[in-house]
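> could you look at this predicted model? Sequence included:
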Number of protein chains: 2
Amino acid sequence: MASGFLWPRSYNLGMLFDQITIVGVGLIGGSVGLAARARGAAGRVVGVDRDEATIAKAVALGAIDTGTTDLAEGVANSSLVVVCTPVDRIAEVILAAAPHVRPGTRFTDGGSTKAGIVSALQGKLPANVEYIAAHPLAGSEKAGAEHGRADMFQNRVTVVIISKFGTDWERTVAVGRFWEALGSRVVLMNAEEHDRTVAVTSHLPHAVASAVAGVTPTEWLRLSAGGFRDVTRVAAGDPQLWAAIFEANRDATLSALASFTDRLAEFRKLLEAGDHAGLVQWLTEGKKVRDALGT
Amino acid sequence: MASGFLWPRSYNLGMLFDQITIVGVGLIGGSVGLAARARGAAGRVVGVDRDEATIAKAVALGAIDTGTTDLAEGVANSSLVVVCTPVDRIAEVILAAAPHVRPGTRFTDGGSTKAGIVSALQGKLPANVEYIAAHPLAGSEKAGAEHGRADMFQNRVTVVIISKFGTDWERTVAVGRFWEALGSRVVLMNAEEHDRTVAVTSHLPHAVASAVAGVTPTEWLRLSAGGFRDVTRVAAGDPQLWAAIFEANRDATLSALASFTDRLAEFRKLLEAGDHAGLVQWLTEGKKVRDALGT
């Protein structure tokens, strides 16, 4: 991850924005609101969602101060707009909101893929409005603001994307400081490298978990223990959200899948051949990587 | 799982055996000892291990009352011998111990595969000595009695194997009651069905977890979150133990692998074709199975 630069941690960040708007107040959007309010990173938090019930729920949970289903109205007076919709809607939301924001407003987002969104917005935003793409590596297989947490981003990495065409330094700092204020550690990276990396560390594991669950007859679940439970946990995630993520990162996911199937084919050959030493070696290679991660 | 029969739960089981011997006092053997002593299921617990330091550790941990490296001596006065060695050593340990036990002694074990062991012992045991195969569905990616727990089997399923040649009812009851006394729920099943089932619910997930870890460059781990952590957790397990498990259940594991790779190939085709509805459907099928398991 040669271009990955770890942002130095800072403290006592104080209020960074007078008002922010969160578009999409589900699990991630709700957690952004809870964290921003708990840490005083924003004076006021406005929520925008297509669903009035979702807004009412987010207000009741304390994730937002107020909310609206009207995107233009919701973003009008904020200096930061955090788009937390499914990845396939982020670019269109930003394009729809951009004409209605104040000059100098920054957009950021919580999307799991980055290159497609950055590319879709390239050259499309008004002058003095900028999109600083981000990906907080946090979440859950559960959906909805009711599962949101003020500490969702605590000690998690948030990747902030450096555009290949050059990103405004001050705006990058402002957006990075915001994610940092929510408790996360900022890593700077370019979009393509981000997408290639999370294809392996996030999208491949999800596909694999779902495939394991998908070949398991439910009546066999009684003979499952912690291993099955852990391996398949993410398969409970929202299929719509995840289909959009896979599609947004299709090429990198297909490439990660190819590496994975090659790796599993090695295992099959070793097992077919009864190569005990080879199996131990193959398992040891995986163990080394997992051990490097810690418990 | 047509032949799986759930053993009715009973309470206040009291002391079932005056003395038991545990052969192999690692994670599972140590937990059997801790649980049997904590619950008073055995008057005295003897440990047998090839390694004197392991025995000393198990005594210090309170997992066994006493121990020896001499298998014949260790099993001489016990009415139940619980073999908790790696699966590839269980049959040979039972064959080596059988001439030294009292008439009426029962053997059981904690091995993850069953058909091979049952078959290896078929017709080889002295009269009045019987092997009642078992598989407590519990464990951890950690090894050693120091990670053992008295509640390791609490509310977990233990499969007790019914021989296709007819298993002695009273001895089956005695061994089933022992695993139940350790806190587990007993399920009766035949060895082949057990092995086919755990190939999918345990061995496949392990191979898949290891393959995901194995294709991940360690420098990319910084961009991993809870999903990767969960999917790959079991990959930290002992490679020697797991190589032996895969080899002991080779055919069923290869068959589970084939189903899995077919399932993942469907995913790849849907993604390549940009079939959003198909991807959602595919993910929903996996989610349904995982949701049936609960959190």
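Looks like it came in fine. Keep in mind the model is a prediction, meaning the values are calculated, not measured.
> mind giving me the domain split of chain A?
Taking automatic domain parsing as the reference, chain A has its domains at A:5-189, A:194-293.
> compare the ones you listed and say which comes out lowest on pLDDT.
Here those differ in mean pLDDT, and the lowest is domain A:5-189 at a mean of 92.
> now the domains of chain A as TSV including mean neighbour count?
For the C-beta atoms, the positions are set from N, CA and C on the backbone; glycine is no exception. Converted to TSV, those look like this (neighbours: other CB atoms under 10 Å in any protein chain shown):
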stretch	mean neighbour count
domain A:5-189	20
domain A:194-293	21
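> can I get these in TSV with distance to chain B?
Below are the domains of chain A laid out as TSV (distance: least, CB to the nearest CB, whole Å):
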stretch	distance to chain B
domain A:5-189	4
domain A:194-293	3
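> got a markdown table for those domains, with distance to B:Val25 too?
Converted to a markdown table, the domains of chain A look like this (distance: least, CB to CB, whole Å):
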| stretch | distance to B:Val25 |
| --- | --- |
| domain A:5-189 | 37 |
| domain A:194-293 | 21 |
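> secondary structure element for the residue nearest the centre of chain A, which one?
Centroid-nearest residue in chain A: A:Ser112, 3.8 Å away (criterion: CA atoms, centre = their mean). Assigned by DSSP states H and E, A:Ser112 belongs to no helix or strand.
> angles on the backbone of it, please.
Per-residue torsions, A:Ser112: phi -80, psi -10 (degrees, to the nearest 10).
> one more: A:Phe107?
Backbone torsions of A:Phe107, given as degrees, to the nearest 10, read phi -100, psi 140.
> before we move on, what about A:Val280?
Per degrees, to the nearest 10, the backbone of A:Val280 is at phi -60, psi -40.
> tell me the contacts of it?
Residues in contact with A:Val280 (CB atoms under 8 Å, 6 or more residues apart in numbering or on different chains) are B:239-240, B:243.
> can we see that at 10 Å?
A:270, A:287, B:238-244 (CB atoms under 10 Å, 6 or more residues apart in numbering or on different chains).
> out of the residues you listed, which comes closest to A:Val234?
Using CB to CB, A:Lys287 comes nearest to A:Val234 of the contacts of A:Val280, at 20.9 Å.
> ok so, going back, wait, the residue nearest to the centre of chain A touches A:Thr85, no?
No: using CB atoms under 10 Å, A:Ser112 makes no contact with A:Thr85, being 11.7 Å away.
> packing partners of the helix or strand containing A:His194?
In this structure, A:His194 is located in helix A:191-198 according to DSSP H and E. Using 3 or more CB pairs under 10 Å, 6 or more residues apart in numbering or on different chains; DSSP states H and E as the contact test, the elements touching helix A:191-198 are helix A:115-121, strand A:134-136, strand A:157-161, strand A:185-189, helix A:250-272.
> same for the helix or strand just after it, what does it pack against?
Per DSSP H and E, the first helix or strand lying C-terminal to helix A:191-198 is helix A:204-214. Helix A:204-214 sits against helix A:226-232, helix A:239-248, helix A:250-272, helix B:204-214, helix B:226-232, helix B:250-272, helix B:276-293, with contacts defined as 3+ CB pairs under 10 Å, 6+ apart.
> okay if I get those as CSV plus distance to A:Arg102?
Formatted as CSV, the helices and strands packed on helix A:204-214 follow (distance: least, CB to CB, whole Å):
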stretch, distance to A:Arg102
helix A:226-232, 46
helix A:239-248, 29
helix A:250-272, 36
helix B:204-214, 45
helix B:226-232, 36
helix B:250-272, 40
helix B:276-293, 36
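> nearest to B:Leu182, out of those helices?
helix A:226-232 (16.8 Å).
> next one: the closest one to chain centre, how far?
Offset of helix A:226-232 from its chain centre (CA atoms, centre = their mean, to the nearest Å): 23 Å.
> please apply the same query to stretch A:51-64.
So, by CA atoms, centre = their mean, the centroid of stretch A:51-64 is 21 Å from its chain's centroid.
> what do you get for stretch A:42-60?
That offset, for stretch A:42-60, works out to 20 Å (CA atoms, centre = their mean).
> end-to-end on that stretch?
Using CA to CA, to the nearest Å, the span of stretch A:42-60 from its first residue to its last is 18 Å.
> again, but for stretch A:56-67
Counting by CA to CA, you get 8 Å between the two ends of stretch A:56-67.
> end-to-end on stretch A:156-169?
Length of stretch A:156-169, first residue to last, CA to CA: 23 Å.
> and for stretch A:117-130?
One end of stretch A:117-130 sits 13 Å from the other (CA to CA).
> if we can go back for a sec, common neighbours of A:Ser112 and A:Thr85, please.
Overlap of the contact sets of A:Ser112 and A:Thr85 (by CB under 10 Å, 6+ apart) consists of A:28, A:241, A:244.
> hang on, the earlier thing: got the contacts of A:Val280 as a markdown table, with distance to A:Leu257 columns?
What follows is those, written out as a markdown table (distance: CB to CB, whole Å):
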| residue | distance to A:Leu257 |
| --- | --- |
| A:Leu270 | 20 |
| A:Lys287 | 22 |
| B:Asp238 | 28 |
| B:Pro239 | 24 |
| B:Gln240 | 29 |
| B:Leu241 | 28 |
| B:Trp242 | 23 |
| B:Ala243 | 25 |
| B:Ala244 | 29 |
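> and the two most separated of the residues you listed?
Within the contacts of A:Val280, two members stand farthest from each other by CB to CB: A:Leu270 and B:Asp238, at 16.9 Å.
> which one of the helices and strands packed on helix A:204-214 lies closest to B:Ala145?
Smallest distance to B:Ala145 across those (CB to CB): 18.5 Å, for helix A:226-232.
> from the contact counts, what lies against that closest one?
Helices and strands touching helix A:226-232, by 3+ CB pairs under 10 Å, 6+ apart, are helix A:204-214, helix B:204-214, helix B:226-232, helix B:276-293.
> can I get the longest one as CSV, trimmed to CA atoms?
These are the backbone C-alpha positions of helix B:276-293, laid out as CSV (Å, rounded to 0.1, in the frame of the first residue of the first chain):
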residue,chain,number,x,y,z
HIS,B,276,-28.4,-6.8,-10.5
ALA,B,277,-31.6,-8.7,-9.8
GLY,B,278,-29.8,-12.0,-10.1
LEU,B,279,-27.1,-10.8,-7.6
VAL,B,280,-29.7,-9.6,-5.2
GLN,B,281,-31.4,-13.0,-5.4
TRP,B,282,-28.1,-14.9,-5.0
LEU,B,283,-27.2,-12.8,-1.9
THR,B,284,-30.7,-13.2,-0.5
GLU,B,285,-30.5,-17.0,-0.7
GLY,B,286,-27.3,-16.8,1.5
LYS,B,287,-28.8,-14.3,3.8
LYS,B,288,-31.9,-16.5,4.4
VAL,B,289,-29.6,-19.4,5.6
ARG,B,290,-27.5,-17.1,7.8
ASP,B,291,-30.6,-15.4,9.3
ALA,B,292,-32.0,-18.9,10.1
LEU,B,293,-28.9,-19.4,12.3
